[in-house]
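> Here is a sequence together with a model predicted from it:
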Amino acid sequence: MVTIETERLILRELREDDKAKLAKVLSNPISMQYYDHPFNEHEVEEWIKWNIENYAASNCCLWAVILKENGTFLGDCGITMQNIDGEVLPEIGFHIIKEYCNKGYASEAAKAYCSNSIQRKRRVIK
């Protein structure tokens with residue numbers, strides 16, 4: 001399994017057994033304020049399945065964000081394609097469990113994910 005490491009974090013592909021941990025953030029109304037509604041259990045399962053399918057199909061998906069020092073699951077981060085004013089564009093996004101917000105984890109994960117994505121694209125182009 002491919003992982004991305006930073007000073008404090010490990011980013012890895014989401015797995016089906018992440019459901020309960022990811023539900024902590026995807027079912028939170030504050031975390032999901034820019035969505036139609038917080039996710040229920042089935043929607044969290046579908047979110048994970050969608051990302052798993054996209055690992056093989058494209059580079060646009062979200063990865064689990066794990067605290068390196070103790071293995072704590074913090075949320076997810078990555079790039080997805082979004083319809084913005086009628087144009088499909090890449091968007092960096094993340095969902096971090098509330099008690100881990102405002103500690104720089106999302107920024108650190110996003111920077112690492114973007115750097116890794118650019119490097120993978122360069123290898124494909126060569």
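All right, it came through fine.
> Now do the strands in this protein.
For the chain, the strands defined by DSSP state E occupy 3-5, 9-13, 62-67, 73-84, 87-96.
> show me where pLDDT drops low in the protein?
Filtered on pLDDT under 70, the chain yields the residue ranges 1, 59, 117-126.
> Mind jotting down where the helices sit in it?
For the chain, the helices defined by DSSP state H cover 19-26, 41-57, 105-125.
> Kindly reformat the ones you listed as CSV containing distance to Met81 and mean neighbour count.
Every residue, glycine included, has its C-beta placed from N, CA and C. Below are the helices of the chain laid out as CSV (distance: least, Cβ to Cβ, whole Å; neighbours: other Cβ atoms under 10 Å):
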stretch, distance to Met81, mean neighbour count
helix 19-26, 19, 19
helix 41-57, 10, 15
helix 105-125, 13, 15
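> Go through these and name the closest to Arg8.
Distance to Arg8, taken as Cβ to Cβ, is lowest for helix 105-125 among the helices of the chain, at 6.4 Å.
> just to revisit the earlier point, go through the helices of the chain and name the closest to Thr72.
Closest to Thr72 of the helices of the chain, according to Cβ to Cβ: helix 19-26, at 8.9 Å.
> Distance from that closest one to the middle of the chain?
Distance, stretch centre to chain centre, for helix 19-26: 12 Å (Cα atoms, centre = their mean, to the nearest Å).
> ok, now stretch 18-29?
Distance, centroid of stretch 18-29 to centroid of chain: 12 Å (Cα atoms, centre = their mean).
> Kindly export that stretch (C-alpha atoms) in CSV.
Provided in CSV are the C-alpha atoms of stretch 18-29 (Å, rounded to 0.1, in the frame of the first residue of the first chain):
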residue,chain,number,x,y,z
ASP,A,18,-12.2,3.1,8.6
LYS,A,19,-16.0,3.5,8.6
ALA,A,20,-16.6,4.2,12.3
LYS,A,21,-13.7,6.5,12.6
LEU,A,22,-14.5,8.5,9.4
ALA,A,23,-18.2,8.7,10.6
LYS,A,24,-17.0,10.9,13.5
VAL,A,25,-16.3,13.7,11.0
LEU,A,26,-18.7,12.9,8.1
SER,A,27,-21.7,12.7,10.5
ASN,A,28,-20.8,16.0,12.3
PRO,A,29,-23.1,18.9,11.2
